[in-house]
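A.B. asks: I would like the atomic coordinates for the input below:
(one chain, ligands or ions: 1)
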Amino acid sequence: MARYGFDLFTIGGGSGGVRAARVSASFGARVALAEERYLGGTCVNVGCIPKKLLVYASHYASDFRDARSYGWSVDNSQVDWGALIANKDREIARLNGVYGRLLGDAGVEQIEGRATLVDAHTVAVGDRRFTAENILIATGGWPALPSIPGIERVITSNEAFHLKSLPERVIIVGGGYTAVEFAGIFHGLGVQTTELYRGPLFLRGFDLDVRQVLAEEMRKQGVDLRFEAVVEKIERTDAGLVARLADGGALEADEIMYATGRRPLTRDLGLEEVGVELDARGAIVVDEYSRSSVDHIWAVGDATDRINLTPVAIHEGMCLANTLFNDKPTRPCHDDVPSAVFSQPSIGAVGLTEERARERYAELDVYKSRFRPLKHTLTESDETTFMKLIVDRESDRVVGFHMVGADAGEMTQGVAVAIKCGATKAQFDATIGIHPTSAEEFVTMREPA
Ligand code: NDP
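C.D. replies: Alright, predicted model coming up:
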């Protein structure tokens, strides 16, 4: 007779929790998963997926402009926001169903409702109690807002996905992934868009060249990008919303969207009460196997605030299932994680920024290229593509790859394999290019900058 009702009880049905639950069940574990909001978590419902769909939607504006140079007549094009959101919502509902079916097919018991910890082996959902040998916390994160006067008047990305209508003017506050992606979405959909970032240059942590190039490209397109812009309060007037700035300036808009980071969603789960250590931001402190400070309580994904990306959460969930139920203790690897920012143009990056590489390696060779992509030799667009490789001179290994341009995410995924395998610049050079593509530039850069 088993000592506990389940071998694993997962709290949170997002990318990490669902993967850990499904794979654990496939290894023969008896698994339950509780979700209080929506299956698929941030990524499926208010993150990666709907965001990318809106990026596609917004890109048609420039696609239609470019099409004219290719002989097409595209007149009277306009977007129906309501239709777009309805279609997006239909796809999200389909994905919610897919997630539910995947869990069901794997034999995971699904429990709707908010789960809290009672003790290290007991979870409460409403007035039901469940016991489990292991408990996994995969509750994700939530947008964080600074406490300034009038902050209740703003929206976050959560609400941006469900706006009843498109605003005429929007202000986006923040300079991270979410802020630049939504600036591109709103601008592309014809909204007069201002992005405010508190520091000297947005996308802190990305390669400096990439940050500068994206700022230039966004400004060329007409996004009003303002740095060193600190919002002190938000007011409502007859003209709409007003952001009052620390330098005395004021800006008006119909919506103000804050994309000022996310916080782990770990409060009021009973974690501290059972002894699970949280850091100052509320992230669950875990060891290299995703074990919390309490034996048998584990955590993956944004709740741990390691690298907050869906594929990383999935990887952490897979590793945990292997550790717990497949006799293969597996540490998630957080090195050389590629990522893309679906700004317009998009960013792709894997490995070290030049700034980080200089701290780690004595001598570097840096290769850079900025060019007008073939597609735009016929259009009126002045968009350029930027590519950069960072090479450790001693080993000849490519330690960093960065780009700004169309399809950056698609290209970066392939290069990430090479970098993960420790590819050298000589091996890049020995690779034949595919002509004519932008990607061939990566295997034809010969002169260090
Ligand atoms: P980030 O933490 O990446 O960025 C937050 C931004 O808000 C930063 O520019 C930060 O400035 C600024 N900020 C923070 N606090 C304040 C404040 N009080 N006032 C004004 N500005 C402030 O958050 P995001 O929501 O953009 O993204 C969260 C995470 O989600 C990302 O790190 C990424 O891991 C993931 N994500 C991934 C995407 C993708 O893969 N394409 C897309 C979206 C999100 P400063 O730099 O000065 O601190």
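
A.B. asks: Over to the nearest residue to Glu272 once chain neighbours are set aside: give its phi and psi.
C.D. replies: Spatial nearest neighbour of Glu272, excluding adjacent residues (Cβ to Cβ, 6 or more residues apart in numbering): Leu278 at 6.5 Å. Glycine gets a C-beta too; all of them are placed from N, C-alpha and C. Phi and psi for Leu278, reported as degrees, to the nearest 10, are phi -110, psi 150.

A.B. asks: ok, now how distant is Leu278 from Leu84?
C.D. replies: Distance, Leu278 to Leu84, using Cβ to Cβ, to the nearest Å: 39 Å.

A.B. asks: Spit out the contact partners of the residue sitting nearest the centre point of the chain.
C.D. replies: Central residue of the chain (Cα atoms, centre = their mean): Leu309, 5.3 Å from the mean position. Neighbouring residues of Leu309 by Cβ atoms under 8 Å, 6 or more residues apart in numbering: 337, 339.

A.B. asks: Contact residues of the stretch 101-250 of the chain facing the ligand?
C.D. replies: Residues of the stretch 101-250 of the chain found near the ligand (Cβ under 6 Å from any ligand atom) are 146, 173-179, 181, 197-199, 202, 204.

A.B. asks: Mind listing what's buried along stretch 64-83?
C.D. replies: Residues 66, 81 are the ones in stretch 64-83 that count as buried (16 or more other Cβ atoms under 10 Å).

A.B. asks: For it, give me every contacting residue.
C.D. replies: 57, 60-61, 163, 165-166, 189-190, 375-376, 378-381.

A.B. asks: Got a quick PyMOL command for the buried subset of those?
C.D. replies: Command for PyMOL that selects the buried part of the contacts of stretch 64-83, burial taken from 16+ other Cβ under 10 Å:
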select buried, resi 57+61+166+189+375+376+379+381
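
A.B. asks: ok, the contacts of stretch 64-83 vs the ligand, which is closest?
C.D. replies: Distance ranking of those against the ligand, using Cβ to the nearest ligand atom, places Ala57 first at 16.3 Å.

A.B. asks: That closest one contacts Gly184, doesn't it?
C.D. replies: No. With contact defined as Cβ atoms under 8 Å, Ala57 and Gly184 do not form a contacting pair (11.0 Å).

A.B. asks: could you say what helices and strands the lengthiest strand in the chain packs with?
C.D. replies: Longest strand of the chain, by residue count under DSSP state E: strand 128-137. Judged by 3 or more Cβ pairs under 8 Å, 6 or more residues apart in numbering; DSSP states H and E, strand 128-137 is in contact with strand 6-11, helix 15-26, strand 122-125, strand 297-299.

A.B. asks: Is Val366 in a helix, a strand, or coil?
C.D. replies: strand (DSSP: H, G, I helix; E, B strand; the rest coil).

A.B. asks: What is the neighbour count of the residue nearest to it when sequence neighbours are not counted?
C.D. replies: In this structure, Val366 finds its nearest non-sequential neighbour in Ala449, 5.1 Å apart by Cβ to Cβ, 6+ apart. Using other Cβ atoms under 10 Å, Ala449 has 12 neighbouring residues.

A.B. asks: Then Ala144?
C.D. replies: 15.

A.B. asks: check contacts around it.
C.D. replies: By Cβ under 8 Å, 6+ apart, the residues touching Ala144 are 260-263.

A.B. asks: about what we covered before: mind checking which of the contacts of stretch 64-83 land in helices?
C.D. replies: In helices, defined here by DSSP state H, the members of the contacts of stretch 64-83 are 57, 60-61.

A.B. asks: could you pick out which of those are near the ligand?
C.D. replies: Within the ones in helices among the contacts of stretch 64-83, nothing lies near the ligand by Cβ under 6 Å from any ligand atom.

A.B. asks: Contact partners for whatever residue of the stretch 51-200 of the chain ends up closest to the ligand?
C.D. replies: As assessed by Cβ to the nearest ligand atom, the ligand sits closest to Gly176 within the stretch 51-200 of the chain, at 2.1 Å. Residues in contact with Gly176 (Cβ under 8 Å, 6+ apart) are 202-204, 259-261.
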